[in-house]
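Colleague: sequence first, predicted model second:
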Amino acid sequence: MTDRNRRGTAVDQQQADLRHDEVQAGTQTGLDEPDVDVTDARQNSLWSDAWGELKRNPLFWIGSLLALGFVVMALFPSLFARGADPRDCSLANSQGKPSAEHWFGFDQQGCDYLANVVYGARNSLIIGLLAVAVVLVMGILVGAVAGFFGGGVDSLLSRITDIFYALPLVLGALVVLRSGTLGRGVVAVAIALAAFGWMTAMRLVRSQVIAVKSSDYVAAARAMGASNGRILVRHILPNAVAPVLVYTTITIGVLIAAEATLTYLGVGLQRPAISWGLQIDAGQNLLRVSPHLVLFPSLALTLTVMAFVMLGDALRDALDPRQRA
Amino acid sequence: MGRYVARRLLLTIPVLIGASFLIFALVYALPGDPIRALGGDRPLSPAVQAELREEFNLNDPFVIQYVKYLGDLVQGDFGTDFRGREVLDTIEQRLPVTVRLTVVAIAIEAVIGIIAGVLAGIRRNGFLDNLVLVSSTIIVSIPILVLAFVAQFVFGLQFGWFPIAGIGDGWYSYLLPGMVLAAGSLAYVARLTRTSVAENLRGDYVRTARAKGLPKRTVIVRHTLRNSLIPVVTFIGADIGTLMGGAIVTESVFNLPGLGRAVYDAIRAQEGAVVVGIVTLFVFFFIFFNLVVDVLYAVLDPRIRYD
Amino acid sequence: MRLSKRSAVLVATGLSGAMVLSACGGGDDDGGTGAAGGDGGSFSVYIGEPENPLVPGNTNETEGGQIVDSLFTRLVQYDVETNEAVFTGVAESIESEDQQTWTVNLKEGWTFHDGTPVTAQSFVDAWNYTAYSPNAQGNSYFFSNIAGYDQLQAPTDDAGNVTGEPAATEMSGLRVIDDRTFEVELTSPYAQWPTTTGYTAFAPLPEAFFEDPEGFGEQPIGNGPFQAEEALVPGQGITLTRYDDYAGETEGNADSVEYRIYTEQNTAYTDLQAGNVDIVDQLPPEVIASAEGEFGDRYLETAQGDITSLGFPTYDQRFADPNVRKAFSMAIDRQAISDAIFNGTRTPATSYISPVVDGFREDACQVCELNAEEANRLLDEAGFDRSQPVDLWFNAGAGHDAWMEAIGNQIRENLGVDYNLQGNLDFSEYLPLQDAQGMTGPFRSGWIMDYPVAENFLGPLYSTAAIPPAGSNVTFYSNPEFDQAIAEGNSAESNDAAIEAYQNAEDILLEDFPAAPLFYRLNQGAHSENVDNVIIDAFGRVRVADVQVVG
């Protein structure tokens, strides 16, 4: 195999990876090279164009409003609980139906369900946001290093990523949580989900970094004596974030929903913590007699996930000029 | 092309070994004493517990256990679970169930997803487009276990359209679980197709074709679809591997004796050999289908050439 | 014995994860034996996945136990009404002069499904095989009271490594006299021993077993009313056909029975509603309210031979005072929890002994009822520190969350003591921690009887000899007077004398109060219109031989 051939293969491989990642992340659809436009002016205009686009998109507004609503609910749950204490329970009220007094009825322990659903927002949102933050950090760190340094470092990191990629998310999280080294709290669930969910972000960043790296702009900066770190942080990363950002917005929703599945599999949060996953799991056993126990937390979960998916969609449309009519 | 495929196949070896090592390490790191758990509230006699630990190498340090496992593996011995069943037998018996479920799910996801996506993409922001957008967003957002139980209760019992559980009715048994399993990805395929079709419809070649006076239907079917399907195929290919490993909930609710359920039980029982065997198989399928997609890619798009 | 995966795994069914076995027929009382003679037909029964090969000596959970019981008939069987041992099995008689050396006489004409005769040797070989530790059979400990058992256990070092071979392969206490007679010598007198031989582990094995134990486990050859003509398919089930040369009285009515494996109880019930499966012997708690109306006289309820208790760590300073333990017991409203969490399918416990066995007293426990005032008085007297929350322990993933949380809520409400739930650990971690005195507060403790005798609810759980790792005395309670009372009962010459001694032992227990009795389980089952004469016994087993196909 000649040298030239090897490089050709590597580039093809990289392009193939990129296609997967972008398609999976839903950031791009075509075969075109990633949009790389590295001058500050053009970069600014990308973002301001995007904002102009966003403003006109009803999806963006609905999504933001919903997300904001749930964030406020997570921060100040007592505002929404109609004066009820989620832990004030009496078995006499067990599985009470919704009424004018108690809009969401009571759960099996006889606790006010509206208060419980409202207080559940906090844990669910923390899990989603924390997990996504870890995904971002891991993805950017590993992706940037692999893409920037290339060669052996890239090969090694990419193979490690492949290994994680191929392990099903739920299975991986299941094993990590059962190992108990992280405990079983909100942080543990978030980290377990992130540990097997950062790979797409890594590949997205890596591909973008590789594309930007070879641009004239970076070559110029390098010629001016800028250090590796400076080039990476100041010049390359800012250009690589757009697709990752879109990806993470959509992923928040997926991760929040995954908490419910983990709870069902017996490794999610633990009572008496309050979360939508716990409520759905407990209610699922009572689906036939008290469907409201599944309905309300599912509704809250669905609306939250929808909010972030809509935000992500709107962001994608705005950041991808080819989508504009 | 041949050289490219060979190279990719070679690359799977370190990934497979790495994945099996990672899983083995994770299972090894699980705390607790699986042999003590076998007895439940009434412990097995101490001598019996000692014999079982000996048999499954549980007293050895991690690296020794792994090396012993690999050594057996090279000789074609995948090990056994605690009840003495060969892991290979378990795989042989359960793989067909998982494969059928995946095939049905992928078929549903592809057919319905692409049709919905094309209809939505032809008229962006029309009624159908919004319908697809809203319904797919909702479906993506519902936790799969809620979807599974509700679907089983409503379509299986109330309406009686589908078998409720088990695999006694052949392929028909897989239809409802397949739909539940496909739901999330289906929404995704629909949106992907929609964007892709919409974008391609604006391409110059479509304008040219329309200018030549070709009917819209012909343009869409002959020209647009083929190009638009490329990203969709990529996604579906990658999704095969994901679905195979991600069907634990669906298999449990619909009582399908597949691999997902087996690996879940094995994790709970800390049967290392079973977990590693099955998960490594999942990893292999994942890598394999990604390779298939890349090859398909070249077939669909003449601009791509490997090597 | 323990309840298998159907509740111990995925679904939080509200069933306690480790209980199930014995009691009196509740719903279907029209005759224990059923009409004899084959009316033909076939039917299906729901079970969970068996955990072990279908070998009697290795089947220590309920799912495999259900199949093994149809395939094997042991020395004695249990009457479905009284739960007393009856000689409808292979034994003609089991007699002893001194309650220590027992002579077993076998009936004539019994054969295995491969045509070979059931002899004294079939029992002795099977029991020796099960007891011999290198065979790693789960039920080995059931033979530990037979003389010479220790010689069959491999020596181990402190770390639990096997360091050699056992000294013998046969127990000295088992002696074959002739083809139909053998002698069993116990290490100490045990008047209830004949009753214990009805347990799964005591089945005979044919010679074919010893040639290929592994293959046997997939498709066993037994001496029961049904035979396995094909192997078990994991995840799916097994179909058994009637054994026409069965020598016992309880021959099968149907031509065949299919045990169908479900991973979700809910799914099995939905399938029953749709008429796809004939018998579901455990209903998901949520459907119980509606099932009675829906199934009418096809709905069955049977009291089970089990008990759920709240064990106390007697080794923990905080719970060392019996009055503290009694106070916690009196803070719990058992009926309210049964109604709200279990849909009324738990009977509040009033004794350490289950109502299904002889020796149960309805009002034995005075502190098993809600009495918040008295509870607070006791707690004050004991100087209990209420500012510190108590930990409530239970094993994860077995559906104990809801009722333990309800208990915590009641403790907070009635005693003003806050609680933490410690329900993260699976059996593999929870049990070793329990064995190592690691419980920092009250914990869930479940027990299913192995055989229907009062002693089975006392000795294995509270005697000094049963302190871990040897046994299941997880409260680490130890009182020589209690041990003495049990020993007296074991060697008593009459049943009445034995019961009296066991009740004395229970009185000591009630005074020291190492655990608070909570519930006895009622089992709910239902069947389709396709079958009749369905009986679920106190062990939670469907008596499949009696079932008649009518559809």
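Modeller: Great, that's in hand.
Colleague: which stretches of the stretch 1-150 of chain B form helices?
Modeller: For the stretch 1-150 of chain B, the helices identified by DSSP state H, counting those that start in this stretch occupy B:2-29, B:34-39, B:46-55, B:62-74, B:87-122, B:127-141, B:144-151, in order along the chain.
Colleague: turn the ones you listed into TSV, including mean pLDDT and mean neighbour count.
Modeller: (Each C-beta comes from the backbone N, C-alpha and C, glycine too.) What follows is the helices of the stretch 1-150 of chain B, written out as TSV (pLDDT from 0 to 100; neighbours: other C-beta atoms under 10 Å in any protein chain shown):
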stretch	mean pLDDT	mean neighbour count
helix B:2-29	83	17
helix B:34-39	80	23
helix B:46-55	83	22
helix B:62-74	85	14
helix B:87-122	90	20
helix B:127-141	80	17
helix B:144-151	84	22
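Colleague: nearest to residue B:182, out of those helices?
Modeller: Comparison of the helices of the stretch 1-150 of chain B against residue B:182 by C-beta to C-beta identifies helix B:87-122 as nearest, at 4.1 Å.
Colleague: is chain C contacted by the closest one?
Modeller: Yes. Where contact is defined by C-beta under 8 Å from any C-beta of the partner chain, part of helix B:87-122 touches chain C, namely B:90, B:93, B:94, B:97.
Colleague: one step back: okay, the helices of the stretch 1-150 of chain B in CSV with distance to residue C:185 next?
Modeller: Converted to CSV, the helices of the stretch 1-150 of chain B look like this (distance: least, C-beta to C-beta, whole Å):
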stretch, distance to residue C:185
helix B:2-29, 45
helix B:34-39, 27
helix B:46-55, 21
helix B:62-74, 43
helix B:87-122, 42
helix B:127-141, 69
helix B:144-151, 56
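Colleague: residue contacts, residue A:80?
Modeller: With contacts defined as C-beta atoms under 8 Å, 6 or more residues apart in numbering or on different chains, residue A:80 is in contact with A:73, A:114, A:118.
Colleague: show me which of those residues neighbour chain B.
Modeller: The overlap between the contacts of residue A:80 and the neighbours of chain B (C-beta under 8 Å from any C-beta) is empty.
Colleague: which secondary structure state is assigned to residue C:524?
Modeller: In terms of secondary structure, residue C:524 is strand; the call rests on DSSP: H, G, I helix; E, B strand; the rest coil.
Colleague: which residues touch it?
Modeller: Under the criterion of C-beta under 8 Å, 6+ apart, the neighbours of residue C:524 are C:282, C:283, C:288, C:291, C:299, C:300, C:301, C:345.
Colleague: so what's the residue count around the second one?
Modeller: Residues near residue C:283, counting by other C-beta atoms under 10 Å in any protein chain shown, number 27.
Colleague: so it is in contact with residue C:273, correct?
Modeller: No. Between residue C:283 and residue C:273 there is no contact under C-beta atoms under 8 Å: 10.7 Å.
Colleague: list, one by one, the residues from the stretch 201-307 of chain B near chain A.
Modeller: Applying C-beta under 8 Å from any C-beta, one finds that the stretch 201-307 of chain B approaches chain A through B:202, B:230-231, B:234-235, B:238, B:241-242, B:245-246, B:248-249, B:263-264, B:267-268, B:275, B:279, B:282-283, B:286-287, B:290, B:293-294, B:297, B:301, B:303-304, B:306-307.
Colleague: contacts with chain C among these, please.
Modeller: Here is what survives when these are matched to chain C using C-beta under 8 Å from any C-beta: B:264, B:268.
Colleague: only whichever of the residues of the stretch 201-307 of chain B next to chain A are buried, select them in PyMOL.
Modeller: Applied in PyMOL, the following selects the buried portion of those according to 16 or more other C-beta atoms under 10 Å in any protein chain shown:
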select buried, chain B and resi 230+231+234+235+238+241+242+245+246+248+249+263+264+267+268+275+279+282+283+286+287+290+293+294+297+304+306
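Colleague: show only the entries of the residues of the stretch 201-307 of chain B next to chain A found in helices.
Modeller: Residues from those lying in helices, with DSSP state H as the criterion: B:230-231, B:234-235, B:238, B:241-242, B:245, B:248-249, B:263-264, B:267-268, B:275, B:279, B:282-283, B:286-287, B:290, B:293-294, B:297.
Colleague: quick one, the helix or strand where residue A:153 lies and helix B:2-29 angle?
Modeller: Counting by DSSP states H and E, the element that carries residue A:153 is helix A:151-166. With axes from the mean of the first three to the mean of the last three C-alpha atoms, to 10 degrees applied, the angle from helix A:151-166 to helix B:2-29 works out at 60 degrees.
Colleague: helices or strands up against helix A:151-166?
Modeller: In this structure, helix A:151-166 packs against helix A:113-149, helix A:199-213, helix B:2-29, helix B:272-300, with contacts taken as 3 or more C-beta pairs under 8 Å, 6 or more residues apart in numbering or on different chains; DSSP states H and E.
Colleague: before we move on, back to that, got CSV for the contacts of residue C:524, with secondary structure and distance to residue B:62 too?
Modeller: Supplementary listing: those in CSV, determined by DSSP: H, G, I helix; E, B strand; the rest coil; distance: C-beta to C-beta, whole Å:
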residue, secondary structure, distance to residue B:62
C:282, coil, 40
C:283, coil, 44
C:288, helix, 47
C:291, helix, 49
C:299, strand, 52
C:300, strand, 50
C:301, strand, 50
C:345, coil, 45
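Colleague: least confident pick among the residues you listed?
Modeller: Of all the contacts of residue C:524, residue C:288 has the smallest pLDDT value, namely 83.
Colleague: quick one: that one from chain B, how far?
Modeller: Between residue C:288 and chain B the distance is 17 Å, computed by C-beta to the nearest C-beta, to the nearest Å.
Colleague: contact residues of the stretch 101-250 of chain B facing chain C?
Modeller: Taking C-beta under 8 Å from any C-beta as the test, the list of the stretch 101-250 of chain B residues beside chain C reads B:149, B:152, B:153, B:156, B:157, B:160, B:163, B:164, B:165, B:166, B:167, B:168.
Colleague: report pLDDT for the residue in chain B positioned nearest to chain A.
Modeller: Residue of chain B nearest chain A, by C-beta to the nearest C-beta: residue B:245 (3.1 Å). At residue B:245 the predicted local confidence, pLDDT, stands at 74.
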